[in-house]
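Asks: curious how this folds, go ahead:
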Amino acid sequence: MEWRDAGYVLAARPHGEGGAVVQLLTRAHGRHAGLVHGGASRSKRATVEPGNLVQAVWRARLIEHLGRFTIEPSRHYAAQIMDDPARLAALSAACAVIQAVIPEREPHPGLFEATGALFDALSDGDAGIWPAVYIQWEMGLLRELGFGLDLRTCAATGVTTELVYVSPRTGRAVSREAGAPYAERMLVLPRFLKPDGRGDGAHAGDFAAGLCLTGHFLARHAFDPLGRPLPPARTRLEALLGRDSGTTEKDALDC
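Replies: Down below sits the predicted model:
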């Protein structure tokens, strides 16, 4: 058995003497593992850094076997953002979340393309863009898993304006008036996710609220059923962006 595909490195763990079992998110073969001979060596360690784009050849005698990867680097995303802790945490979080929740060997070409767009934003986007792209990526991942959020209209009244909350139970938007009696229990809807075109000028408070929003539903629908918490890299990302936020929840609601 043999196939060739592009893939993003999700994780690499040492195996045997100098080898590494590498997890890739590939375009046509989904999340797939394989043994890389010498993958833990100094010469190859940089190639199997999580987030890197590689060209991979997988070979095995039978399809159910672990198999072996031969990989060649295409782009070292991790090295490009090594000096930015928040961007590096976002890259690590995306890799860890995919590895935990996407079934092995199940193709998700849309997720592969979205992950490439995210990594491009992390390496090339400015500070006012990449956090929103990351949150949109998690929104897409939730849809891919069958748990998409509905932020188009108010769940209680059907209006499309003054949407400032999200129900933590249903994942639907709620207007300011309808949600006011339950405000303490609601999640904040950041401005760049609103359907009324008021996404310009999102600030750190919006990004913190967005991570809280998607993190809640990832935990509820993807990680709680597995009996796992959100990955430490994802928790670190939320802490880093929350620390940079100079606004309160009330400020986010007043946008």
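
Asks: residue closest to the middle of this structure?
Replies: In the chain, the centroid-proximal residue (Cα atoms, centre = their mean) is A94; its distance is 3.5 Å.

Asks: helices and strands around the strand or helix carrying it, which ones?
Replies: Using DSSP states H and E, A94 sits in helix 85-101. In terms of contacts (3 or more Cβ pairs under 8 Å, 6 or more residues apart in numbering; DSSP states H and E), helix 85-101 is packed against strand 2-15, helix 77-80, helix 109-124, helix 130-144, helix 232-244. Any C-beta I mention is one placed from the backbone N, CA and C, and that applies to glycine too.

Asks: which residues touch A114?
Replies: By Cβ atoms under 8 Å, 6 or more residues apart in numbering, the contact list for A114 reads 137, 140-141.

Asks: recalculate using a threshold of 6 Å.
Replies: 137, 140 (Cβ atoms under 6 Å, 6 or more residues apart in numbering).

Asks: over to the one 5 residues further on?
Replies: Taking Cβ under 6 Å, 6+ apart as the criterion, F119 is in contact with Y77.

Asks: quick one: pLDDT of it?
Replies: F119 carries a pLDDT value of 97.

Asks: kindly report the same for the one 5 residues further on.
Replies: Listed pLDDT for D124 reads 91.

Asks: low pLDDT regions in this structure?
Replies: Counting by pLDDT under 70, the chain contains low-confidence residues at 196-202, 244-255.

Asks: ok so, going back, relative to I81, how far out is the residue nearest to the centre of the chain?
Replies: A94 is 12 Å from I81, where distance means Cβ to Cβ, to the nearest Å.

Asks: next one: Q136
Replies: Distance, Q136 to I81, by Cβ to Cβ: 18 Å.

Asks: more crowded one of those two?
Replies: I81 (21 against 18; other Cβ atoms under 10 Å).

Asks: how many neighbours does the closest residue to that one other than its chain neighbours have?
Replies: Once flanking residues are discounted, I81 sits nearest to R87: 4.2 Å by Cβ to Cβ, 6 or more residues apart in numbering. A count of neighbours around R87, defined by other Cβ under 10 Å, yields 25.

Asks: burial check on Q99, number of neighbours?
Replies: Using other Cβ under 10 Å, Q99 has 18 neighbouring residues.

Asks: hang on, it packs against V9?
Replies: No: the pair Q99 and V9 fails to qualify as a contact (Cβ atoms under 6 Å) at a distance of 10.2 Å.

Asks: which residues sit against the helix holding A94?
Replies: In contact with helix 85-101 (Cβ under 6 Å, 6+ apart) are residues 10-11, 23, 25, 50-51, 81, 122, 134, 222, 231, 233-234, 236-237, 240.

Asks: just the buried residues of the residues you listed.
Replies: Buried by 16 or more other Cβ atoms under 10 Å: 10-11, 23, 25, 50-51, 81, 122, 134, 222, 231, 233-234, 236-237, 240, out of the contacts of helix 85-101.
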